[in-house]
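[1] Provided below for reference: sequence and predicted model.
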Amino acid sequence: MAGRRPCVAVVGGGIGGLATAIGLRRRGVDAVVYEQSRAVAPQGAGIAVGANGHRMLRELGVARRLQDSAVAPLRADFRHWSTGRRMVVHALSGAYEERFKAPFWTVERSAVQQALLAELGPEHVRLGARCAAVEDTGHGAVIRFADGTEAEADAVVGADGIHSAVRDSVFGPEAAVFSGTSGYRALIPMERLAHLPELAEPVLWLWLGPGRHFIAYPVAGGRALNFLAVVPDRDWLIESWSTQGETSELLAAFDGWHPFVTAVLAACERPSRWALYDREPQRTWSRGRVTLLGDAAHAMLPHHGQGANQALEDAVVLAHVLGGATPRTVTEALRAYEQIRRPRTRLLQAGSRKNAGCFQLPDGPEAQARNERLAALPDDLAWIHGHDALGLLGPASASAPV
Ligand code: FAD
């Protein structure tokens with residue numbers, strides 16, 4: 001037994017869970033993903049992959065699989081909500097890539113998930129496996145599934161999203177925090193937007209206005225536009241990725257906004273509506289042989305665009321730390337992982353909350369001061385996008401041994 005590498009069970013086949021299993025298998029660790037859905041079907045709209053996330057995709061051998069579907073926007077263009085006045089613009093290609101040593105990508109969430117699945121190999125994913133509880137037995141960890149079956153491993157990773165069953169089982173239930181806002185999302189085929197000259201070039205648009213903001217960027221190799229429209233919403237409490245909203249609600253919420261914004265909204269057939277929740281930072285992620293990862297560990301609002309990026313960073317760090325462990329040292333490895341990852345994700349949880357208010361200021365001196373601060377954005381965000389999660393592990397861990 002001594003010297004044997006641990007076998008790891010990962011609960012959740014989202015971006016974090018699949019990335020973890022790839023990272024572990026690349027380091028010779030036997031890892032299996034247990035996913036509740038019966039199929040890994042395309043779900044969700046677009047996500048942004050910053051240089052920090054891109055580095056992780058490269059480390060996992062997955063970036064090359066996304067070359068055709070990802071878009072590298074030329075710039076981030078911040079606009080005034082009604083006049084369309086450009087408030088600030090920052091290059092996202094060229095200077096960004098040179099500074100942070102990797103590109104900024106916009107891509108469909110489902111494309112990233114499919115690329116991860118293809119890299120992992122579907123034979124390492126058990127579908128229709130809904131985790132109900134997890135138990136540390138002292139010499140291993142057992143997952144109990146909703147259908148009454150069980151699986152045992154040396155370590156269990158809960159990568160099962162914001163409503164994590166693993167977290168509830170190990171740490172007890174705790175309610176997620178509702179932000180009082182909802183995000184409407186959709187992917188619109190570009191041909192439906194051909195009348196908008198602004199879309200001739202790939203750009204990340206950020207339109208900031210009183211009580212609302214609107215973000216749009218191309219995905220799917222430029223064949224579709226993704227938008228996220230964030231509005232106040234005290235009553236809407238359904239936290240689901242598949243709930244439908246109405247275009248008419250959106251147009252009413254953005255009445256008076258610039259014609260570019262309303263033209264994009266009008267072209268959307270049926271947006272999904274997503275009540276925005278996060279969680280308070282958790283004091284510890286691991287108990288014995290069970291740990292948490294991605295949204296299960298540190299659910300954050302989408303206002304830094306870092307949810308998927310942080311799950312990827314977690315995955316690569318955990319794989320490196322656990323990849324060198326023996327079954328007997330699993331507990332120590334999990335503790336080391338969370339000590340590396342918790343401080344950073346905690347700052348991002350807080351920063352994402354802060355950005356929401358800052359994006360939605362009414363016209364006036366506060367908005368003016370915000371716009372002046374936006375000029376320094378590349379420097380202010382360097383700690384996020386310039387971060388190399390592997391750098392903290394030292395030179396010995398900088399590349400996978402297999
Ligand atoms: P998630 O991506 O949430 O993945 C969690 C996985 O765990 C899911 O596959 C889920 O089915 C599975 N799971 C949950 N409970 C159990 C259980 N009890 N047993 C087994 N498996 C379980 N972010 C965006 O920025 N834009 C989007 O458009 C967007 N769309 C999304 C659509 C869906 C369907 C989901 C699940 C998430 C979406 N996200 C989106 C969130 C984004 O993917 C995450 O914030 C980020 O990638 C962190 O990922 P994660 O792996 O921690 O969690």
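    Yep, it's here. Just so it is clear, the structure is predicted and the values come from calculations on it, not from any experiment. Numbers count the residues shown, from 1 in each chain.

[2] So which residues on the stretch 101-250 of the chain come close to the ligand?
    109, 129-131, 159-161, 165, 185, 241 (C-beta under 6 Å from any ligand atom). C-beta coordinates here come from the backbone N, C-alpha and C atoms, glycine included.

[3] Which of those are buried, as a ChimeraX select command?
    Filtering these down to the buried ones (16 or more other C-beta atoms under 10 Å) takes a single ChimeraX command:
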select :109,129,131,159,160,161,165,185
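
[4] Now the residues of the stretch 101-250 of the chain next to the ligand in CSV, please, with extra columns for pLDDT.
    Formatted as CSV, those follow (pLDDT from 0 to 100):
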residue, pLDDT
109, 95
129, 97
130, 98
131, 98
159, 98
160, 97
161, 95
165, 97
185, 93
241, 58
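
[5] export the residues of the stretch 101-250 of the chain next to the ligand to a markdown table and tack on secondary structure and distance to residue 220?
    Output for those, formatted as a markdown table (DSSP: H, G, I helix; E, B strand; the rest coil; distance: C-beta to C-beta, whole Å):
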| residue | secondary structure | distance to residue 220 |
| --- | --- | --- |
| 109 | helix | 11 |
| 129 | coil | 30 |
| 130 | coil | 30 |
| 131 | strand | 32 |
| 159 | coil | 25 |
| 160 | coil | 27 |
| 161 | coil | 24 |
| 165 | helix | 32 |
| 185 | strand | 14 |
| 241 | coil | 18 |
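
[6] and residue 377, what does it touch?
    76, 88, 90 (C-beta atoms under 8 Å, 6 or more residues apart in numbering).

[7] Who wins on neighbours among those?
    residue 76 (22 neighbours; other C-beta atoms under 10 Å).

[8] in which helix or strand would I find it?
    Assigned by DSSP states H and E, residue 76 falls within strand 75-80.

[9] Kindly report the same for residue 213.
    strand 212-219.

[10] strand partners of that strand, parallel vs antiparallel please.
    strand 203-209 (antiparallel), strand 224-232 (antiparallel) (DSSP bridges).

[11] Give me the mean pLDDT for the last one.
    This means strand 224-232. What strand 224-232 shows for mean pLDDT is 94.

[12] May I see the buried residues of that strand?
    Neighbour count says strand 224-232 has 224-231 buried, by 16+ other C-beta under 10 Å.

[13] Regarding the spatially most central residue of the chain, what is its secondary structure?
    In the chain, the residue lying closest to the centroid (C-alpha atoms, centre = their mean) is residue 308, at 1.9 Å. Here residue 308 is helix, with the state taken from DSSP: H, G, I helix; E, B strand; the rest coil.

[14] ok, it - contacts?
    Neighbours of residue 308 in contact, by C-beta under 8 Å, 6+ apart: 15-16, 47, 49, 53, 109, 112.

[15] Which pLDDT does the model give the residue in the stretch 251-400 of the chain that the ligand sits nearest to?
    Using C-beta to the nearest ligand atom, residue 294 is the residue of the stretch 251-400 of the chain that sits closest to the ligand, at 2.2 Å. Note on residue 294: pLDDT of 98.

[16] Now it: phi and psi?
    The phi/psi pair for residue 294 (degrees, to the nearest 10) reads phi 70, psi -140.

[17] Just give the number of residues close to it.
    Quick note: residue 294 (other C-beta under 10 Å) scores 30 neighbours.
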